[in-house]
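Participant: the amino acid sequence is not available; the structure is as follows:
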């Protein structure tokens, strides 16, 4: 009997423990307005749902469980079910920056309207709403002071595009992931385009679906984070929800029917243990096809010896009649990417928490060099090309019709952090280790080595292997070129770092808190050697490989520490102060400091300001890169120049000094407030002065007299010119940032929102004379010319404004963004000194339509650049002489007017007519359609 009773009791207990209860309710704000899309999860499980368009929800749970409710911008709540079946849950608006890591101080965070420093916060929803396929391009259309654009020339730069805050180059913006420093890219930008001489992190590879929010600190922060944070900091906060996620299918195409894109991503989360932690992971695969926007090439320019190749005009015209674009392929390259990211945390005890994140990105890019036309690389000069590249040209041997070298890039980027946060005697201690790296290797195909003539002892066959039986081959034989390889492995570059951090903080009293910490960082940069045929004698035509003497592995370390104090002398006044010192193994010490303050008025408005010093250490890329570089020289076509590093024997002969750190002084003053639940604003003035700015010099050519060390180096290495890095200039940059938000306006049955943000550059220019090395000054040349200055200071929009409008009604969500790109100014290489080029201000309109088909399925259509607006530029006169050139209709010896000759010079005879050879201010691809389907688990 007792046995049967025990069994019955056991069965009833099991049944009770597995009994489920269906609950329902409504989630509202304090004004009783339903909140659609709020997350409702049974605590400690992956069982959850989201509220519908009116805020209603239903969920089956254990009757003794707790439900957790989250909604972006509102305080979360935990509610015990306790057998109750119906709930009305009121969420209060929270401060969006309660979890912000960057606030200008290492002490606890505050809201962006009350922060002593200007911080933009971009949610994951904001990023997705842009319809852009990569994270960096999404920021371009959300943050006015952030700019990035694809470079016109797609070789190594096709792997990632230079970005910058406040027109100061990628090297002066620090990237963080969950508050920890992200590794730099291995790529050094060396083309004559925006970003020249710079390097930065690969942010384009970060999967958007893994991002919870992005915080952009628009102020110098070297005292908090060390080198690189002169212009600002971008902190990428990863999703940290254990809740079930979603799967997204993406597709897209341009209005011209190319650039097809397809992608799939999955983001999901899960609890660890008995609700002690979480893990959130993202997997993203995508492929984008080639988009091509070549110009119509000028036959007169091609035939002219000064503008082109001095070829027979009839021969040129016959080729261009069949190939109006001269076979050139320039636009956006074919790209395939695989991205993996995980973020997690686990509670070890009431006072200790383990956290971790890791990411791996692989990206493959196929792009093209300039097409080598049959009058550029001729069969008269290279007879074997008729066999290498047979075609259908009726006027040449073997139908040879030219060739286009391909460039294939393979990028791998990884980063990982593991850390432990503990509370020890009321002190908050955060100890972490971060590792990260980036490697880029290349392959050149459909090319040849046109320069090398080998003696018998070094004869190689078409596979690059040594040949023993060389017969009667003599010195000066052309047979090597005729047996040249067509595919080359030119090597590549890699960069990695290991970073250890210890951060300690404590709230000492109601109005005083303190923080201090230390960081050790070890960096490695490697120039990966290419195969022999890729570099010897000038190397593969289009992209030369890395020679053994220019290759190697280079390292350094630095050790730093900081101390920070936050004091509230009164309830409305906040004062922050930070000092930092660092020691680098290669150039020595740096000491920087920062003071910031905020004064709150009527608990709504904040007057804020800061003054600080900063520094940027020269990157290992800038110190050690040395190579041959194929570049476009106006009037001379593609030439081979040399990049000489500052620790080489050539640098010693040229008297080049070693690189030192840049230093800066930053000043900001701002005013912001949250007027009511609908209206908020901030306006900030900034002023940044940089001393000893590191630049990649312009191409330094031979002297008129000849016989100098400069001339000898050029002759010995078969180079048309050379360039190098140098602390050459001081600069000053100032401007104003404005952000105004007016949201949650009730209109009909929906809610309307507006956001206006803008950046205006007051000044961005060189301050004082150029610091030229003696040899360059004696040669009557300068390391910084008008072309360089334009790239540094005016190649990004002088002003940029974004007006965004959103309207949510029922199952529909509509967004309309208008981005105003102000003028940009260039002084292209070879352009007459009395002229400049200006890109016309344009407004790019983006339309987004979201339809929530069910509680779980959302369909989104984005039409980017709705009105098919394209970059346009024109010549502007610097003076009366320049205006005379523009007005002159006289036909010159080339058969064209003087201004048409200038146009051909800077566009490579109209190959790059849309944007010139140097760059442009927004995409040249025109209208793009993107369609996505999101399914919530």
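Facilitator: Here it is on my side, so go on. Quick caveat, the model's predicted, so the values are computed rather than measured.

Participant: output the contacting helices and strands for the helix or strand encompassing residue 724.
Facilitator: Using DSSP states H and E, residue 724 sits within strand 722-747. Packed against strand 722-747 by the contact rule (3 or more Cβ pairs under 8 Å, 6 or more residues apart in numbering; DSSP states H and E) you find strand 637-644, helix 649-654, strand 679-696, helix 709-716, strand 750-766. (Each C-beta comes from the backbone N, C-alpha and C, glycine too.)

Participant: which of the ones you listed sits most buried?
Facilitator: strand 679-696 (a mean of 21; mean count of other Cβ atoms under 10 Å).

Participant: what lines up beside it in the sheet?
Facilitator: Here strand 679-696 has these sheet partners by DSSP bridges: strand 662-674 (antiparallel), strand 722-747 (antiparallel).

Participant: quick one: closest of the ones you listed to residue 324.
Facilitator: strand 722-747 (34.0 Å; Cβ to Cβ).

Participant: from the chain's centre, how far out does that closest one sit?
Facilitator: 15 Å (Cα atoms, centre = their mean, to the nearest Å).

Participant: now it against strand 750-766, angle please.
Facilitator: On the basis of axes from the mean of the first three to the mean of the last three Cα atoms, to 10 degrees, strand 722-747 is oriented at 160 degrees to strand 750-766.

Participant: tell me the mean pLDDT for strand 722-747?
Facilitator: For strand 722-747, mean pLDDT is 92.

Participant: going by secondary structure, the nearest residue to residue 546 once chain neighbours are set aside is in what exactly?
Facilitator: Excluding its sequence neighbours, the residue lying closest to residue 546 (Cβ to Cβ, 6 or more residues apart in numbering) is residue 491, at 4.1 Å. With secondary structure defined by DSSP H and E, residue 491 is part of strand 488-509.

Participant: output the contacting helices and strands for that strand.
Facilitator: strand 180-181, strand 427-445, strand 512-528, helix 532-535, helix 620-624.

Participant: and the residue lying closest to residue 691 once chain neighbours are set aside, how many neighbours?
Facilitator: Among residues not flanking residue 691 along the chain, residue 663 sits closest, at 4.7 Å (Cβ to Cβ, 6+ apart). Counted with other Cβ atoms under 10 Å, the neighbours of residue 663 add up to 19.

Participant: surely residue 663 touches residue 612?
Facilitator: No - Residue 663 lies out of contact with residue 612 (Cβ atoms under 8 Å); the separation is 11.4 Å.

Participant: show me what contacts residue 920?
Facilitator: Going by Cβ atoms under 8 Å, 6 or more residues apart in numbering, residue 920 touches 149, 152, 824, 839, 871, 873, 914.

Participant: what's opposite the fourth one in the beta bridge?
Facilitator: Here residue 839 shows beta-bridge partners residue 824, residue 873, assigned using DSSP bridges.

Participant: state the pLDDT value of it.
Facilitator: 94.

Participant: what residues are up against residue 495?
Facilitator: 183-186, 437-439, 523-526, 620-621.

Participant: meant to ask about residue 882
Facilitator: For residue 882, counting by Cβ under 8 Å, 6+ apart, the contacting residues are 832, 834, 835, 875, 876.

Participant: which of those residues lies closest to residue 898?
Facilitator: Distances from residue 898 to these, taken by Cβ to Cβ, are shortest for residue 832, at 8.3 Å.

Participant: any idea how many residues pack against that closest one?
Facilitator: Quick note: residue 832 (other Cβ under 10 Å) scores 19 neighbours.

Participant: just residue 484 next, same as before
Facilitator: 23.

Participant: try the one 3 residues further on
Facilitator: With neighbours defined by other Cβ under 10 Å, the count for residue 487 comes to 17.

Participant: how close does it sit to residue 534?
Facilitator: 10 Å (Cβ to Cβ, to the nearest Å).

Participant: what bridges to residue 685?
Facilitator: With DSSP bridges as the rule, residue 685 is bridged to residue 669, residue 736.

Participant: need the contact list for it.
Facilitator: 668, 669, 670, 734, 735, 736.

Participant: which one among these gets closest to residue 773?
Facilitator: The closest of the contacts of residue 685, once distances to residue 773 are taken by Cβ to Cβ, is residue 734, at 29.6 Å.

Participant: distance check, the closest one against residue 794.
Facilitator: Distance from residue 734 to residue 794, by Cβ to Cβ: 14 Å.

Participant: let me see the confidence value for residue 629.
Facilitator: Confidence for residue 629, expressed as pLDDT, is 63.

Participant: apologies, that question was intended for residue 654.
Facilitator: At residue 654, pLDDT is 80.

Participant: can I get the contacts of residue 920 in JSON lines including distance to residue 709 and neighbour count?
Facilitator: Formatted as JSON lines, the contacts of residue 920 follow (distance: Cβ to Cβ, whole Å; neighbours: other Cβ atoms under 10 Å):
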{"residue": "149", "distance to residue 709": "38", "neighbour count": "26"}
{"residue": "152", "distance to residue 709": "34", "neighbour count": "25"}
{"residue": "824", "distance to residue 709": "38", "neighbour count": "27"}
{"residue": "839", "distance to residue 709": "40", "neighbour count": "24"}
{"residue": "871", "distance to residue 709": "42", "neighbour count": "19"}
{"residue": "873", "distance to residue 709": "39", "neighbour count": "22"}
{"residue": "914", "distance to residue 709": "41", "neighbour count": "19"}
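
Participant: could you dump those residues into a markdown table and include distance to residue 124?
Facilitator: Shown next, in a markdown table, are the contacts of residue 920 (distance: Cβ to Cβ, whole Å):
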| residue | distance to residue 124 |
| --- | --- |
| 149 | 24 |
| 152 | 32 |
| 824 | 30 |
| 839 | 32 |
| 871 | 30 |
| 873 | 36 |
| 914 | 33 |
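
Participant: out of those, who's nearest residue 850?
Facilitator: Closest to residue 850, out of all of these and judged by Cβ to Cβ, is residue 149, at 27.1 Å.

Participant: and the closest residue to residue 781 other than its chain neighbours, what are its bridge partners?
Facilitator: Closest residue in space to residue 781, ignoring its immediate chain neighbours: residue 700 at 5.5 Å, by Cβ to Cβ, 6+ apart. With DSSP bridges applied, residue 700 shows beta-bridge pairing to residue 722.

Participant: against residue 847, how distant is residue 700?
Facilitator: Taken as Cβ to Cβ, the span from residue 700 to residue 847 is 49 Å.

Participant: ok, now residue 763?
Facilitator: Taken as Cβ to Cβ, the span from residue 763 to residue 847 is 36 Å.

Participant: least reliable of the helices and strands packed on strand 722-747 by average pLDDT, please.
Facilitator: strand 637-644 - the lowest mean pLDDT of the helices and strands packed on strand 722-747, at a mean of 66.

Participant: quick check: buried residues in stretch 598-617?
Facilitator: Residues 598-600, 605-617 are the ones in stretch 598-617 that count as buried (16 or more other Cβ atoms under 10 Å).

Participant: so residue 903 belongs to a helix, correct?
Facilitator: Yes - judged by DSSP: H, G, I helix; E, B strand; the rest coil, residue 903 forms part of a helix.

Participant: pLDDT score for it?
Facilitator: pLDDT, residue 903: 95.

Participant: next, count neighbours for it.
Facilitator: 22.

Participant: same question for residue 539.
Facilitator: Residue 539 has 29 nearby residues by other Cβ under 10 Å.

Participant: how about residue 893?
Facilitator: Counted with other Cβ under 10 Å, residue 893 comes out at 9.

Participant: so residue 139: helix, strand or coil?
Facilitator: helix.

Participant: on that earlier part again, show me the buried residues of stretch 598-617 that map onto strands.
Facilitator: 598-600, 605-616 (DSSP state E).

Participant: on that earlier part again, buried subset of the contacts of residue 882?
Facilitator: 832, 834, 835, 875.

Participant: Serialize these to JSON lines and add fields for distance to residue 863.
Facilitator: Output for the buried ones among the contacts of residue 882, formatted as JSON lines (distance: Cβ to Cβ, whole Å):
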{"residue": "832", "distance to residue 863": "41"}
{"residue": "834", "distance to residue 863": "42"}
{"residue": "835", "distance to residue 863": "37"}
{"residue": "875", "distance to residue 863": "33"}
